[in-house]
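K.L.:
Just the structure for this:
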Amino acid sequence: MSAADLARATEILRVVTASYDEKVVGQRGLRSSLLIALMTGGHILLESVPGLAKTTAAESIAHSVTARFKRIQCTPDLLPSDIIGTQVFDYARSVFETQLGPVHSNFVLLDEINRSSAKTQSAMLEAMQERQTTIGGVVHPLPEPFLVLATQNPIEQEGTYHLPEAQLDRFLLKEVLDYPEFGEELQIVDRVDSGVFDSESSLPTVGLDDVRFLQRATRSVYLDPAIVNYIVSAVYVTRHAAQYIAPEFAECIEFGASPRASIAFSRAARARALLDGRDHVVPDDVKALRHTVLRHRIILNFEAIARGVSPESIIDAVFDSVQAP
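P.N.:
Here you go, the predicted structure:
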């Protein structure tokens, strides 16, 4: 990557970050995950209780890059056609017209995805993977860039449908949000009182061409073979945990991560390096992403759930067992 390209990427990220910080207080992990997803073309699964600025964060990122944003509230009666679109008969002309659904946007927020039925989840996740929808036998490509943010509420499980592991694996990252600090919550109240959320932002924005440049620049970030070996070694340990980590952690793993985890690490690590203004990946980029990349890919057994063992503690044990380059 040339110095000019690195400088342009850094400036684009500065503009996007400033726009995000104008509306969202704190949530640095969420901001980082959103930017990484934007830079790699991946998708994010967000888990948190209500009221932690997930929608505001998604809208802020979309506004900062002048992208189309749609929010879909998932319910048990939501149909695939409500998301991808359908054909409507025009009686005046006696023809069927295609009406594209809200998934045909740059940013799509699927609020409480686990409330939608398995059939609807499948339709949405197919669109995420194939980057297209099929309506009446006609293929409709999705716009580029295309980013899905799906949310789950961990405290309310009545009337929900469990997301299958194979579908979870298709999310690049899973971010778990926590409540704001005391000082951050004071800032939130002050901003609401001052009308920040009621007025249009006066800060500069970038365009979708800048996002496409950012994605190309991310792919050109140098990833050394030694770091690739580090990534694959860590993912390999999740599948053969008994040979490498303590028994109290190894016996909690039902299934380890698939090769998609290694791919996600390599893509996300490049993006994180560019976020830090570097044209090369360092081991700390991989280690910093370990929870967001692996927490939804390591499947725990009932014993782990009964003992209250968290995926994060097992992931830490896995990385402690692998020598960083």
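
K.L.:
Would you map the strands across the stretch 101-250 of the chain?
P.N.:
Secondary structure of the stretch 101-250 of the chain (DSSP state E, counting those that start in this stretch): strands at 107-111, 132-135, 138-141, 147-152, 173-176.

K.L.:
right, and the ones you listed - which one's nearest residue 101?
P.N.:
For residue 101, the closest of those is strand 132-135, at 7.5 Å, according to CB to CB. All C-beta spots, glycine's among them, are computed from the backbone N, C-alpha and C.

K.L.:
Contacts for the closest one, please.
P.N.:
84-87, 98, 100-101, 103-104, 127, 139-142 (CB atoms under 8 Å, 6 or more residues apart in numbering).

K.L.:
nearest to residue 170, of those residues?
P.N.:
The closest of the contacts of strand 132-135, once distances to residue 170 are taken by CB to CB, is residue 127, at 10.9 Å.

K.L.:
Could you point out the helix or strand that follows the helix of greatest length in the chain?
P.N.:
Using DSSP state H to define each element, the chain has its longest helix at helix 3-23. Remark: after helix 3-23, the chain's next helix or strand is helix 28-40, criterion DSSP states H and E.

K.L.:
Give the other helices and strands that that following helix contacts.
P.N.:
Packed against helix 28-40 by the contact rule (3 or more CB pairs under 8 Å, 6 or more residues apart in numbering; DSSP states H and E) you find helix 3-23, strand 44-47, helix 54-64, strand 147-152, strand 173-176, helix 208-219, helix 259-275.

K.L.:
of all these, which lies closest to residue 194?
P.N.:
Per CB to CB, nearest to residue 194 of the helices and strands packed on helix 28-40: helix 3-23, 11.6 Å.

K.L.:
Next, the angle helix 28-40 makes with the closest one.
P.N.:
With axes from the mean of the first three to the mean of the last three CA atoms, to 10 degrees applied, the angle from helix 3-23 to helix 28-40 works out at 140 degrees.
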